[in-house]
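Colleague: Provided below are the primary sequence and the corresponding predicted coordinates.
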Protein chains: 2
Amino acid sequence: MNETLRTPKSEPSARERLLGAALQLVRQKGYDATSVDDLCRAAGVTKGAFFHHFASKEELGVAATQFWTKVTSQAFAQADYQHFEDPLDQLIGYVDFRVQLLEGRSLPECTCLLGTMAQEKFESSPAIRDACFEGIHTHATEVAKMIAAAKARHAPEASWGAESLALYTQAVIQGAFVLAKAKNDVALAADMIRHLRRYVELLFHHAKQD
Amino acid sequence: MNETLRTPKSEPSARERLLGAALQLVRQKGYDATSVDDLCRAAGVTKGAFFHHFASKEELGVAATQFWTKVTSQAFAQADYQHFEDPLDQLIGYVDFRVQLLEGRSLPECTCLLGTMAQEKFESSPAIRDACFEGIHTHATEVAKMIAAAKARHAPEASWGAESLALYTQAVIQGAFVLAKAKNDVALAADMIRHLRRYVELLFHHAKQD
DNA sequence: TGACACATACCAACTGGTTGGTATGGTTTG
DNA sequence: CAAACCATACCAACCAGTTGGTATGTGTCA
């Protein structure tokens, strides 16, 4: 809870190194296949340090989702599309940004920790499942704000809901990752997200023509 | 290779029982978390039988994807939408059918083995990854046939490709499963797939208005 | 027809290695 | 000093895979 209170400027603490290793390894190998020893090795700490900071592997899993949400939300907060005036431009800009995030990255680097862990642990660990959904929901809420504003301005009578569409954007992105992993081809994910872009455009064009 | 040559009418062989158990358990607990002992217990056979039929756990994983593809493709072949005359009606009917498949089912029962395994093993097992994509690709090709026919009749000038859209339908469905698992709510998946339905409608309505 | 050869299907018990987790002791820091 | 931090050594449970064996065919040839 009192994170990063100890090392103001120096290198990250063991806890943060473990969390960083978790973001990498879990996306690469999956949660179950990533052992505590793997995490300790990658973080350069021992098992004693691990269980000093986390009561269990599951607790690290939950903490990793929160760490992920913190790190990624910072990246989105600094993206260019945030400065667009028209919320519809912001929304389209967000979708394009999601495509940009794929460029030059390998699959483990550009895919989502939350979707990976949720898919694997939804039954066996409610704590991790809920933590994953909370992270997704947090992000989707930000997207829903843009959508709600764009809807108010451009399509106030539309039948679809802003939150539902926001969740849909996340579903498409998660599904794009699944298919990209299966084909072992990041470009496939970009192709899928471009369909999402077209859908958003059609939703608003369609509304305008009403 | 010479499957079910031995028991013409009686109960399924150990091999098929193991594959059936794999469809259930892997969707429920994931591939790594499903041990060989788990599979043997569920199938009512011993470990010796397991390794008589499969050289390794990975080989069972590959066989399970093929078994899954066989079973599910039969279900789609018998669905009502196949008899619709207009290929666009078929396509919409297919999407609606995917929603129907969710009703009254728990998450492990209605989600896709291929997406689950691909997400988990895409890095650690190329054999399983490729087998998953083959299954997805096989199904997507069937969907692409409907889309291509619908496009030829209703939107011949459309800029999007039939195969790309077919893959997109699968991406949406996979992503819907991921989010549904995270929220632990099958209804969310149905909501996502209804967005897909709207997208398809917009694509063809839009083309008609050109 | 009967006997031998061989393959398939399956089982119980075991093995070496890995797993998440613990017990304990030492070191740094406020 | 006391608390936070971290290392070493260790454990019982579990893992995929192996072993040596039995039971039941199935094809072949005298």
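Modeller: Noted; the coordinates are in hand.
Colleague: Where does residue A:159 sit: helix, strand or coil?
Modeller: At residue A:159 the chain is in coil, as set by DSSP: H, G, I helix; E, B strand; the rest coil.
Colleague: quick one: it and chain B, what's the gap?
Modeller: For residue A:159, the distance to chain B equals 9 Å [Cβ to the nearest Cβ, to the nearest Å]. Heads up, the C-betas are built off the backbone N, CA and C, glycines and all.
Colleague: before we move on, what about residue A:147?
Modeller: Note on residue A:147: its distance to chain B, by Cβ to the nearest Cβ, is 12 Å.
Colleague: pLDDT score for that residue?
Modeller: You'll see residue A:147 listed with a pLDDT of 98.
Colleague: So for it, what's the nearest residue that isn't a sequence neighbour?
Modeller: Of all residues not flanking residue A:147 in the chain, residue A:162 sits nearest, at 4.2 Å (Cβ to Cβ, 6 or more residues apart in numbering or on different chains).
Colleague: for residue A:39, same thing?
Modeller: Per Cβ to Cβ, 6+ apart, closest to residue A:39 is residue A:21, 5.1 Å.
Colleague: just to revisit the earlier point, for the residue nearest to residue A:147, which residues are in contact?
Modeller: By Cβ atoms under 8 Å, 6 or more residues apart in numbering or on different chains, the contact list for residue A:162 reads A:144, A:147-148, A:151.
Colleague: Can you tell me which residues in chain A are near DNA strand D?
Modeller: A:6, A:13-15, A:45-49, A:52-53 (Cβ under 7 Å from any atom of the strand).
Colleague: Which members of those are classed as buried?
Modeller: Among these, those classed as buried by 16 or more other Cβ atoms under 10 Å in any protein chain shown are A:13-15, A:45, A:49, A:53.
Colleague: With pLDDT and secondary structure as new columns, can these be given to me in JSON lines?
Modeller: As requested, these are arranged in JSON lines below (pLDDT from 0 to 100; DSSP: H, G, I helix; E, B strand; the rest coil):
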{"residue": "A:13", "pLDDT": "82", "secondary structure": "coil"}
{"residue": "A:14", "pLDDT": "82", "secondary structure": "helix"}
{"residue": "A:15", "pLDDT": "88", "secondary structure": "helix"}
{"residue": "A:45", "pLDDT": "92", "secondary structure": "coil"}
{"residue": "A:49", "pLDDT": "91", "secondary structure": "helix"}
{"residue": "A:53", "pLDDT": "92", "secondary structure": "helix"}
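Colleague: how about the residue in chain A positioned nearest to DNA strand D, what does it touch?
Modeller: Taking Cβ to the nearest atom of the strand as the measure, the point where chain A comes nearest DNA strand D is residue A:48, at 2.1 Å. Listed by Cβ under 8 Å, 6+ apart, residue A:48 has no contact partners.
Colleague: Helix, strand or coil: sort out it for me.
Modeller: Following three-state DSSP, residue A:48 is assigned to helix.
Colleague: Based on its surroundings, how many neighbours for the residue in chain A positioned nearest to chain B?
Modeller: The minimum distance from chain A to chain B, using Cβ to the nearest Cβ, falls at residue A:175 (2.6 Å). By other Cβ atoms under 10 Å in any protein chain shown, 31 other residues sit near residue A:175.
Colleague: Next: the one 10 residues further on.
Modeller: Residues contacting residue A:185 under the criterion other Cβ under 10 Å number 14.
Colleague: OK, contacts around it?
Modeller: Taking Cβ under 8 Å, 6+ apart as the definition of contact, residue A:185 has no neighbours.
Colleague: Look up how far residue B:23 lies from it.
Modeller: 26 Å (Cβ to Cβ, to the nearest Å).
Colleague: same question, residue A:172
Modeller: Taking Cβ to Cβ as the measure, residue A:172 and residue B:23 are separated by 26 Å.
Colleague: pretty sure residue A:175 is touching residue B:170, no?
Modeller: Yes. Between residue A:175 and residue B:170 there is a contact at 7.4 Å, judged by Cβ atoms under 8 Å.
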